[in-house]
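Trainee: give me a 3D structure for the following:
(chains A and B)
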Amino acid sequence: MSVPGQATHSRRSTEQRAARRQVLIGLTWVSPWLFGAGLFVFAPMAMSLYYSFTDYPLLEPPLWSGLDNYKRMFSDPTFLRVVWNTTAYAAVSIPLFTIVALILAGVLAKTGRMSSFYRACVFIPTLVPLIASAMVWMWLFNGEYGLINKLLAMISIRGPAWIVDRNWVLPSMVIMSVWGVGQGVVIYVAAMQDVPKQLYEAARIDGMGTVRQFIHVTLPMISPAILFNVIALTIAAVQVFAVPSVMFRRPDGQNPAGHYYTMYLYENAFVYGNMGYASAMAWMQLLVVLLLTALLLFAGRRLVHYARV
Amino acid sequence: MSNASPKPGARSRLKGVYFHIAMLLVSLVFLAPLVWMLSTSVKPEDQAASGEIHLLPTPPSSVFAQAADNYSAVWNDRTIRFPLYLRNTLIVAILGVVGMTLSSAVVAYGLSRVQWRGRGVVFFLVLATMMIPFPVLMVPLYIIFRELGWTGTLKPLWVPAWFGNAFNIFLLRQFFMTIPPQLDEAARLDCCSHWSIFWRIILPLAKPALAVVALFHFIYVWNDFVGPLIFLTDRDQFTLALGLQLYQSQSGNTPWNLLMAASALMISPLVVLFMLTQRTFVQSASTEGLK
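Mentor: Purely as a prediction, here's the structure:
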């Protein structure tokens, strides 16, 4: 009786030992990321959370100040302005970007030599580094000699001063973001090509035209890709930095309409030396990103159609 | 019946012509900014800043001489040193691409080809870090790198790449999962270690995915503006992204023709790379949507 029991016992312990060995092997393989993320992601996050509750002028050690930094945001007019600018940019550019990307993708999803040529033309602008595209668009938007105003002059419209005029900052930013729509087009084209052909045949038999097929078949079938892309665009829009910080810099300082959240965060940290306040702004940004993602995922649960493959 | 049949055919052909005209216009709109950049880069300064629209300088025969003038002026500028910035960017890009590809592959192997308890947790953590905005890390990273004595060197820009990156790990892991498990089971019967399975079986099979990761990181480095802005202190260490904005910030009078020539020079490696790898490129960009 005792002999088989012992056998199971020893088998179990060898199994356990083997499992433990596997864990060690697994951890060894992922150790580069564990170490790197610990040093470059998790430790910094903990540090900035701590700094956000302190007064930290960089050259002196941080001094505990409780919720002061967080309270300060709501009475800081510059903070409120950059929040407004960033929100307006996200609220206008993301829907427009998505609609243009979907239309272009719908038109270009067909395979064919010309389609792939058009797709390449739409995609090439997304290769241009942000700073280079900021330079190119500053030149196009130039009030006196810019191509856009020259073209407008041909049809006798006097173009605005675009990036200098505070009322035209948002349109400028939105136009630039739509120029980079190729990123979305490529994703949506790939998703559209995975939609089963039989669905379109069925829709055609039901008498649906091209447009109704697009609305009732294509859009629901690719909705997971749309949701993913909208989340990625939101996270990116909240962090917009490089392009506006170069484009809306004027000899007399930043154009106030072209001042965005991350730019102000950067200035607080590295220009004014308010590391504590900058860290509080950073955590606020993280919370907003998490909240927006959760909201979009929640909305997605109702709107997105997940096909079982 | 024989009367009616040519009509819809002709109409649909006409529709096709309209479609292609519309799409050519759309393509033109997307390419126009870059065409205008090139056009400006081969004009003398006074012609670049004029009220008329010409694609080529006047006289058009001067285009090559003027292009040579402008591009060599950018290349040989003493204050904004393009070749030096290019060298710095290439150092960061090459060291970073090698490290990023290798380390992401190693981690992805541990998350796909080794069975162990806790793997799911680590994979979840990897995915979670993708959502963290860089500004949250900006301030403490600056402090960490300053403590390490790395600010003012290129190290903060390439060393972290040697520890993998969540998105690239995710991408490679998804690819490794599609490789049939029988392959390494057979190899293990032949007494191969994990390391030789990784090196001799998985990596050769994953070449296209590895190329995608390398490409993504190269583009990332070419694009990165915030990193160099925070961690570099000395003009001699600037990367192209930082160098380019010097043209604009230096004075009120921007030499637009030179700035456009510099922009064209900065973009050209990416466009060449795109031409060479177009297939992989477009396919890979689309895998972003498959999550």
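Trainee: what's the neighbour count on the residue of the stretch 51-200 of chain B found nearest chain A?
Mentor: Using Cβ to the nearest Cβ, the closest approach of the stretch 51-200 of chain B to chain A is made by B:F163 at 2.1 Å. For the C-beta atoms, the positions are set from N, CA and C on the backbone; glycine is no exception. As a burial measure, B:F163 scores 22 neighbours (other Cβ atoms under 10 Å in any protein chain shown).
Trainee: helix or strand for the residue nearest to the spatial centre of chain B, just tell me which one.
Mentor: Nearest to the mean C-alpha position of chain B, counting by Cα atoms, centre = their mean, stands B:I219 at 1.6 Å. B:I219 belongs to helix B:207-223 when assigned by DSSP states H and E.
Trainee: quick one: average confidence on the particular helix or strand that has B:A264 in it?
Mentor: Using DSSP H and E, B:A264 sits within helix B:256-276. The average pLDDT within helix B:256-276 is 91.
Trainee: B:I197 is in contact with B:D184, correct?
Mentor: Yes: judged on Cβ atoms under 8 Å, B:D184 makes contact with B:I197 at a distance of 4.7 Å.
Trainee: okay, these two: which has more neighbours?
Mentor: B:I197 (21 against 18).
Trainee: please report phi then psi for the more buried one.
Mentor: Phi and psi for B:I197, reported as degrees, to the nearest 10, are phi -60, psi -50.
Trainee: OK, contacts around the residue lying closest to B:F175 once chain neighbours are set aside?
Mentor: Spatial nearest neighbour of B:F175, excluding adjacent residues (Cβ to Cβ, 6 or more residues apart in numbering or on different chains): B:A209 at 4.0 Å. Going by Cβ atoms under 8 Å, 6 or more residues apart in numbering or on different chains, B:A209 touches B:171-172, B:175.
Trainee: same thing with A:R302?
Mentor: So A:R302 contacts nothing (Cβ under 8 Å, 6+ apart).
Trainee: what helix or strand is it on?
Mentor: helix A:275-303.
Trainee: that helix: how far from the chain's middle?
Mentor: 12 Å (Cα atoms, centre = their mean, to the nearest Å).
Trainee: I'd like the mean pLDDT over it, please.
Mentor: 93.
Trainee: so which bits of that helix are buried?
Mentor: Residues of helix A:275-303 classed as buried by neighbour count (16 or more other Cβ atoms under 10 Å in any protein chain shown): A:275-286, A:288-289, A:292, A:296, A:300.
Trainee: show the pLDDT at A:P251.
Mentor: pLDDT, A:P251: 72.
Trainee: check which helices and strands the strand or helix carrying B:M100 sits against.
Mentor: Following DSSP H and E, one finds B:M100 within helix B:82-110. Under the contact criterion of 3 or more Cβ pairs under 8 Å, 6 or more residues apart in numbering or on different chains; DSSP states H and E, helix B:82-110 touches helix A:2-37, helix B:63-76, helix B:155-158, helix B:166-177, helix B:207-223, helix B:240-250.
Trainee: phi, psi for A:T54 please.
Mentor: Torsion angles, degrees, to the nearest 10, at A:T54: phi -130, psi 170.
Trainee: that one bridge partners, please.
Mentor: A:W64 (DSSP bridges).
Trainee: confidence score at it?
Mentor: For A:T54, pLDDT reads 96.
Trainee: my guess is it contacts A:W64. True?
Mentor: Yes: taking contacts as Cβ under 8 Å, A:T54 lies within contact range of A:W64: 5.5 Å.
Trainee: number of residues surrounding residue 67?
Mentor: Let's take chain A. By other Cβ under 10 Å, neighbour count at A:L67 equals 10.
Trainee: to clarify, I was referring to chain B.
Mentor: Neighbours around B:A67, by other Cβ under 10 Å: 18.
Trainee: ok so, going back, quick one: the helices and strands packed on helix B:82-110 as CSV, columns for distance to A:A120 too.
Mentor: Below are the helices and strands packed on helix B:82-110 laid out as CSV (distance: least, Cβ to Cβ, whole Å):
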stretch, distance to A:A120
helix A:2-37, 35
helix B:63-76, 25
helix B:155-158, 31
helix B:166-177, 23
helix B:207-223, 16
helix B:240-250, 24
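Trainee: tell me which of these sits nearest to A:M176.
Mentor: helix B:207-223 (14.7 Å; Cβ to Cβ).
Trainee: quick one: is the helix or strand following the closest one near chain A?
Mentor: Using DSSP H and E, the helix or strand that directly follows helix B:207-223 along the chain is helix B:226-231. Yes: judged by Cβ under 8 Å from any Cβ of the partner chain, helix B:226-231 comes into contact with chain A at B:226, B:229-230.
Trainee: quick one: residues contacting the closest residue to B:F225 other than its chain neighbours.
Mentor: Once flanking residues are discounted, B:F225 sits nearest to A:A242: 3.9 Å by Cβ to Cβ, 6+ apart. A:A242 is in contact with A:130-131, A:134, B:225-226, B:241, counting by Cβ under 8 Å, 6+ apart.
Trainee: among those, which one has the most neighbours?
Mentor: Of the contacts of A:A242, with other Cβ under 10 Å as the count, A:I131 tops at 27 neighbours.
Trainee: in what helix or strand does that residue lie?
Mentor: Using DSSP H and E, A:I131 falls in helix A:130-140.
Trainee: return the distance of B:K43 relative to B:S50.
Mentor: Computed as Cβ to Cβ, to the nearest Å, the B:K43 to B:S50 distance reads 9 Å.
Trainee: of these two, who's got more company?
Mentor: Between B:K43 and B:S50, counted using other Cβ under 10 Å, B:K43 has the larger neighbour count: 25 against 14.
Trainee: quick one: the more buried one and B:D69 touch, right?
Mentor: No: the criterion here is Cβ under 8 Å, and B:K43 misses it with B:D69 at 10.2 Å.
Trainee: which one is B:A264 nearest to, not counting chain neighbours?
Mentor: B:S41 (5.2 Å).
Trainee: hang on, the earlier thing: so for A:T54 and A:W64, which residue has more residues nearby?
Mentor: A:T54 (20 against 10).
Trainee: tell me how far that one lies from chain B.
Mentor: Separation of A:T54 from chain B (Cβ to the nearest Cβ, to the nearest Å): 11 Å.
Trainee: can you tell me how far that residue sits from A:S65?
Mentor: In terms of Cβ to Cβ, A:T54 sits 6 Å off from A:S65.
Trainee: residues shared between the contacts of those two?
Mentor: A:G276.
Trainee: give me the low-pLDDT residue ranges for the stretch 1-150 of chain A?
Mentor: Applying pLDDT under 70 to the stretch 1-150 of chain A picks out residues A:1-9.
Trainee: try 90
Mentor: A:1-19, A:58-60, A:108-117, A:119-120, A:142-145 (pLDDT under 90).
Trainee: for chain B, give me its nearest residue in the stretch 101-250 of chain A.
Mentor: A:A190 (3.2 Å).
Trainee: with adjacent residues omitted, what lies nearest to the residue nearest to the centre of chain B?
Mentor: B:L270 (6.5 Å).
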